[in-house]
Structure formats: structure tokens, C-alpha cells
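Peer 1: my questions are about this predicted structure, shown below with the sequence.
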Amino acid sequence: MTPQFREKPRVYLDPKPQPNNTHPMGLNIISRRHFLGRTASLAAGAFTGPNLLLRGQDKAGKRLNLAVIGANGKGQSDTQGVTLDHNIVALVDVDSKRLDEAAKKRNKHHLDSGKEAPPAPKLYQDFRKMFDEMANEIDGVIVSTPDHTHYVAAMHAIKHKKHVCVQKPLCNRISEVRDMHSAAKAANLVTNMGNQGRTMEGQRLAKEWIEQGAIGTLKEIRLWTNRPIWPQGPLVKKAAECPPELNWDLWLSSEANEPYFEFELPSGMDPKKNKRGNSVHPFTWRGWWQFGSGALGDMGCHIMDATFSILGQLIPEQIDVTSSPISDTCAPVWSDLIYHMPAGKHAALKVSWKDGSKNGVANKPEISPHMTSELAKKAFEKASSGMMFIGTEGTVFEGEAYCSSPVIYNEERYTQVRLDMKAGKIVKTEARSAVPNNPQGEWAHHIVNGGLPASNFDYSAPLTEFVLLGNLAVRAQQSVQWDKQNMKVTNAEAPNKFISRPAYRDGWKA
Ligand SMILES: NC(=O)c1ccc[n+]([C@@H]2O[C@H](COP(=O)([O-])OP(=O)(O)OC[C@H]3O[C@@H](n4cnc5c(N)ncnc54)[C@H](O)[C@@H]3O)[C@@H](O)[C@H]2O)c1
């Protein structure tokens with residue numbers, strides 16, 4: 001197929017907007033049924049993917065036509081990562097207020113950057129309708145919805161042969177991650193996950209230091225986060241009125257339809273400490289197994305990223321768990337996990353994960369024995385999320401989630417390592433990102449120029465699996481042993497029911 005690069009995006013206005021779906025900004029939101037009716041003859045064998053890009057060709061100055069599904073929330077900054085260099089031809093959000101806001105904020109970003117306001121994208125509430133209507137006009141799709149919709153949205157894009165950049169975690173079920181990975185690979189698409197740490201310098205430095213002996217022999221890894229910073233633990237649903245701007249049915253996407261709900265805060269949770277409200281939309285879906293993946297799923301793809309890379313992308317043999325009470329519906333207030341890692345680049349070792357807080361006290365690991373100075377203790381105390389790679393001679397410490405600027409303790413050793421780097425005794429061995437700190441920009445860069453983004457699905461699918469394996473243990477409340485080949489827990493049957501989503505609503509699976 002011929003690549004269809006366009007310097008000017010089209011403005012997509014439908015001549016016959018449907019009365020109930022007219023968008024407040026005057027743009028059309030056509031009903032899906034109406035659209036399907038009009039295009040029934042086109043629907044057969046729908047996924048033809050006519051503008052699959054020929055990668056690496058015709059490089060200079062190419063602007064891609066991109067769509068963003070889940071345009072507000074994280075989708076806003078994801079859009080900002082590409083909008084100055086590419087054409088945003090469609091924004092999709094199930095909340096009409098948030099959709100308008102996302103479109104306005106994008107314009108503001110252009111103006112703040114000293115550029116003209118860009119041509120208006122077409123606005124949609126239903127991504128399926130967008131694909132039905134304008135798939136041929138799109139080169140790539142960014143998915144930044146709540147976790148439960150990543151799979152269905154990205155699979156629609158993949159089936160239409162669109163390059164995809166999907167927020168972390170790729171999906172909230174292991175079987176979906178694998179399915180999405182193999183579908184994107186079979187279609188030869190450029191993929192990336194939104195774990196920005198993977199584009200950063202710090203993660204690479206940490207790996208190079210450890211591999212080149214800066215901390216002696218790596219013995220243990222300790223990871224932690226203060227998340228959840230949203231209501232989690234056994235939450236009870238209560239009936240509530242759906243805000244008029246939210247299309248709840250579309251928000252649920254492939255999940256079974258149920259009336260809109262809010263929830264009671266868990267007993268013991270101080271309502272004043274809950275800054276996130278008590279409805280699942282926006283943001284607070286994270287603690288619900290149906291929609292999110294708990295604190296581990298939310299932060300694991302960041303905090304476990306450097307670990308996964310440093311250990312050579314290995315999958316654990318066993319994971320042990322203790323946690324606060326869970327329910328069938330919601331993730332716990334805190335959890336402690338031990339990932340037992342097999343030998344690979346390093347000897348077999350344990351990776352511990354701690355999240356949340358216990359009786360109001362942050363659930364953090366013990367500080368490394370190499371962090372004895374006042375400076376080190378303060379850095380550890382301050383770190384609401386972080387990681388410690390503990391070796392026989394020193395510790396690589398990072399006091400945030402992305403491993404953007406790791407340091408080594410004790411301080412003398414760090415000084416020596418920096419001298420060794422200057423003297424060329426410790427060298428850079430890892431490939432650097434073409435667009436640091438911007439996974440969406442990095443993804444677009446590689447669509448145009450060829451090559452692979454650092455968190456392409458060959459990397460990020462097993463990383464997401466690594467993270468989500470912990471949730472099998474949390475949900476089943478027992479240790480799990482994993483047979484990677486057969487995608488199966490081998491030491492018990494109960495955890496296996498959490499590998500896949502139980503059901504998809506009709507009309508949502510691509
Ligand atoms: N990489 C990072 O640092 C980072 C940070 C925050 C969030 N995230 C990820 O980004 C994703 C979104 O998180 P968030 O905090 O922005 O959530 P959010 O709920 O605040 O925002 C999601 C947006 O998607 C919209 N939406 C929901 N369902 C949709 C659907 N079916 N179709 C189209 N739009 C839909 C919502 O209306 C909302 O505007 C999650 O996967 C999250 O893990 C990543």
C-alpha cells in the first residue's frame with residue numbers, strides 16, 4: 001500500500017449529525033448504529049488497513065496522522081508528546097466535558113509553544129465509530145483509557161493495521177497482553193508502552209553500573225510505592241446518578257453493562273484523606289480488578305521496569321504474597337510480594353515489592369545496609385516510591401518510580417564510579433532513546449524513521465506479564481509458580497481463573 005502522509009489534516013465534519021449526539025462544540029458525534037447503517041456495504045471484511053506505513057521510507061519531516069483514545073487524563077500529556085510534530089486527526093473520550101477540555105488544552109499547548117492553534121481534530125465518544133468512519137485516515141493510535149479498555153481499543157487499532165502506543169500496564173489480564181503482543185507482531189506494527197522510565201538515561205546508567213561491577217555482586221532488589229493514593233480495599237458499590245456528560249455504557253466498554261455506581265469508602269479510611277472522590281470515573285477505577293490492576297498494576301510497570309531490564313527480562317519462578325484483606329472486586333490497601341528470580345545475568349535472587357501503608361505508616365522496605373549516612377537516610381525517608389539494587393559492595397538507589405536519576409551508596413563508591421566513567425573504565429553499553437522522556441514521541445519517531453521504540457511490545461508485554469503475575473498471587477492470596485510456556489500457574493488451580501477476562505460484551509472485541 002502507498003503510505004498516506006498528509007501535511008494538512010482534514011477536518012472531519014459529517015453533513016448529517018444525529019440530534020441526540022450533536023457535540024456541544026458543534027462537531028458531529030454520529031450514532032454508531034446510524035453510521036453502520038450507512039456503511040453496511042463497506043463493513044464486510046472491514047479491517048483492510050489501507051495506509052499501513054512503509055517504515056523507514058521517505059523520512060524527512062513526515063507528519064503522521066494520529067488518534068488518541070482516552071483524550072483527557074494522561075491522554076492529554078500523551079497528546080502533547082506528539083501534537084507539535086504530527087497531526088492529531090481524532091480525539092476520543094467518553095466524557096463530553098473532558099473531551100472538549102482535552103481539545104482546548106491541546107490548542108493551548110500549541111499557543112504556549114509559540115505555534116498556531118492546530119486544525120481541529122474530529123471528536124468522538126466511541127472509538128469503534130472512529131475506526132468505522134475514518135480508519136483510512138489514521139496512521140497510529142495512542143490508547144490512554146482506563147486499563148480495562150486498553151485491550152479492546154488497541155486490538156481495534158491493530159486489526160485496522162494502525163501502529164499503537166498503549167499506556168501502562170498494556171492490559172490488566174495476562175492473556176490479553178499476550179494476545180495483543182502477538183497480533184501487533186503479526187501485523188508488523190510499531191508499538192510502544194507509555195512507561196516513560198524506559199526512555200530515560202537513568203535506567204540505562206543503573207544497568208551499566210551494575211553489569212560493570214559498580215556495586216559488586218547483585219544480591220537483592222527492594223521496590224516500594226506509597227500507592228494506592230486512591231480508595232482501595234473492600235469497597236462497596238452504591239447506586240448513584242450518572243453525570244450527564246459521561247457515556248457510562250461506553251466507559252464500561254467490554255465489561256457487562258450495569259447501572260452507574262459510586263462507592264462507600266472502606267471503614268477506617270478518613271474521608272478527608274480521600275482527594276480522589278468516590279466514583280470510578282475519572283482516575284479512581286484503579287483499585288477495581290474489573291477496571292484497573294491495583295497499586296501493583298498501576299506502578300509496577302514503572303518501578304519494576306529497571307529491575308526487569310537489569311535482570312535480563314526474566315520471568316519469576318515463584319511469587320509469595322501477604323496483603324491486607326482483598327475482595328472479589330477490589331485490590332488490597334497494602335501488599336508485600338517476593339518475586340523469586342532465577343539465575344540469568346545475575347545469580348538467583350529475590351525482588352521484594354511493598355505498596356500502600358499499614359495503620360497509617362508507609363509500607364517501605366528496610367533501608368539498605370550501604371545507606372548509613374544522614375544524606376542517604378534522608379533520601380530514603382523522602383522517597384514515596386523507589387528502588388534499591390543491593391550488591392556486595394554498594395547499593396544503586398532511586399527515590400522515585402522511573403529510575404530517572406539513580407545514585408550509588410555509599411558516597412565514596414559513587415565518587416569512584418563517576419571517576420571510572422570519566423576514565424572510560426565504566427562505559428555506556430545500552431542503546432539510548434531517540435526521544436528521551438517522551439514514549440509517544442519516541443514511538444512516532446520510529447514509525448517515520450524505522451527502528452524500534454525501547455518499550456516496544458517485545459519488551460513491554462513480558463514486563464507487563466512480570467507485573468501482573470504478582471496480581472495472580474494477590475487475588476488468589478497464595479504463592480504462585482508460573483509455567484511461562486503454557487501460561488499457567490502450576491502449584492494451584494485457583495489463580496488460573498485470573499489470567500483471562502471472564503467475558504467480553506458483544507460488539508467490543510475486534
Ligand atoms: N505513564 C504514566 O506516567 C501514567 C500516568 C497516569 C496514568 N497512566 C495510565 O494512563 C491510563 C489513563 O489513566 P488516567 O489516570 O488518565 O485515567 P482517567 O480516568 O483520569 O482518564 C482516562 C480518560 O479516558 C476516558 N475514557 C474512559 N473510557 C474510555 C473509552 N472507552 N473510550 C475513550 N475514552 C475513554 C475518560 O473519560 C478519561 O477522560 C491508564 O492506563 C493509566 O495507567 C500512565
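Peer 2: Sure, I can see it. Numbering: from 1, shown residues only.
Peer 1: and for the nearest residue to W334 once chain neighbours are set aside, the neighbour number?
Peer 2: Leaving aside its sequence neighbours, W334 sits nearest to G356 (CB to CB, 6 or more residues apart in numbering; 3.2 Å). (C-beta placed from N, C-alpha, C; glycine too.) Applying other CB atoms under 10 Å, we find 25 residues neighbouring G356.
Peer 1: secondary structure element for G356?
Peer 2: Per DSSP states H and E, G356 falls inside strand 349-358.
Peer 1: correct me if wrong: the residue nearest to W334 contacts A331.
Peer 2: No. Taking contacts as CB atoms under 8 Å, G356 lies outside contact range of A331: 9.3 Å.
Peer 1: what residues does this protein have near the ligand?
Peer 2: Residues of the chain lying near the ligand by CB under 6 Å from any ligand atom: 69-70, 72-75, 92-95, 98, 127, 144-147, 149, 167-168, 194, 196, 250-251, 253, 281-283, 298.
Peer 1: between the two ends of stretch 409-429, how far is it?
Peer 2: End-to-end distance of stretch 409-429 (CA to CA, to the nearest Å): 22 Å.
Peer 1: now do that stretch: distance to the chain's middle.
Peer 2: 33 Å (CA atoms, centre = their mean, to the nearest Å).
Peer 1: now do the buried residues in it.
Peer 2: The neighbour-count check on stretch 409-429 (16 or more other CB atoms under 10 Å) flags 409-410, 413-414, 417, 420-421, 426 as buried.
Peer 1: please produce a markdown table containing those, extended by secondary structure and distance to V474.
Peer 2: Below are these laid out as a markdown table (DSSP: H, G, I helix; E, B strand; the rest coil; distance: CB to CB, whole Å):
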| residue | secondary structure | distance to V474 |
| --- | --- | --- |
| Y409 | strand | 31 |
| N410 | coil | 35 |
| R413 | helix | 36 |
| Y414 | helix | 35 |
| V417 | helix | 36 |
| D420 | helix | 41 |
| M421 | helix | 40 |
| I426 | coil | 38 |
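Peer 1: how about CSV for these, with pLDDT added?
Peer 2: Listed next are those as CSV, based on pLDDT from 0 to 100:
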residue, pLDDT
Y409, 98
N410, 97
R413, 98
Y414, 98
V417, 98
D420, 98
M421, 98
I426, 98
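Peer 1: count the residues that sit near the residue in the stretch 251-400 of the chain that the ligand sits nearest to.
Peer 2: Closest to the ligand within the stretch 251-400 of the chain is P282: 3.4 Å, counting by CB to the nearest ligand atom. The number of residues packed near P282 is 17, by other CB under 10 Å.
Peer 1: so it sits against K97, correct?
Peer 2: No. Assessed by CB under 8 Å, P282 is found out of contact with K97, at 10.5 Å.
Peer 1: what about the closest residue in space to G277 that isn't next to it in sequence, how many neighbours?
Peer 2: Excluding the flanking residues, the one nearest G277 by CB to CB, 6+ apart is T284, at 6.0 Å. T284: 23 surrounding residues under other CB under 10 Å.
Peer 1: now T284: how far from D270?
Peer 2: Per CB to CB, to the nearest Å, T284 is found 16 Å from D270.
Peer 1: and A444, by the same measure?
Peer 2: Going from A444 to D270 by CB to CB gives 43 Å.
Peer 1: just to revisit the earlier point, just checking, the residue nearest to G277 touches I229?
Peer 2: No. Counting by CB under 8 Å, I229 is not a contact partner of T284; they are 10.2 Å apart.
Peer 1: which neighbours do those two have in common?
Peer 2: R276 (CB atoms under 8 Å, 6 or more residues apart in numbering).
Peer 1: the longest helix belonging to the chain vs strand 349-358, what angle?
Peer 2: For the chain, the helix reaching the highest residue count under DSSP state H is reported as helix 457-476. Orientation of helix 457-476 against strand 349-358 (axes from the mean of the first three to the mean of the last three CA atoms, to 10 degrees) gives an angle of 60 degrees.
Peer 1: which neighbouring elements make contact with the strand holding G356?
Peer 2: strand 218-225, helix 294-303, strand 334-341 (3 or more CB pairs under 8 Å, 6 or more residues apart in numbering; DSSP states H and E).
Peer 1: could you single out the most deeply buried of the ones you listed?
Peer 2: Mean neighbour count (mean count of other CB atoms under 10 Å) peaks for helix 294-303 among the helices and strands packed on strand 349-358, with a mean of 27.
Peer 1: who touches that one?
Peer 2: Applying CB under 8 Å, 6+ apart, the contact partners of helix 294-303 are 147, 168-169, 172, 193, 195-197, 223-225, 227-228, 232, 286-287, 292, 331-332, 335, 337, 353, 355-356, 385-387, 401-402, 460, 463-464, 466-468, 470-471, 474.
Peer 1: pull out the buried residues from those residues.
Peer 2: 147, 168-169, 172, 193, 195-197, 223-225, 227-228, 232, 286-287, 292, 331-332, 335, 337, 353, 355-356, 385-387, 401-402, 460, 463-464, 466-468, 470-471, 474.
Peer 1: quick one: list the elements packing against the helix or strand harbouring F263.
Peer 2: In the assignment (DSSP H and E), F263 maps to strand 261-264. Judged by 3+ CB pairs under 8 Å, 6+ apart, the packing partners of strand 261-264 are strand 236-239.
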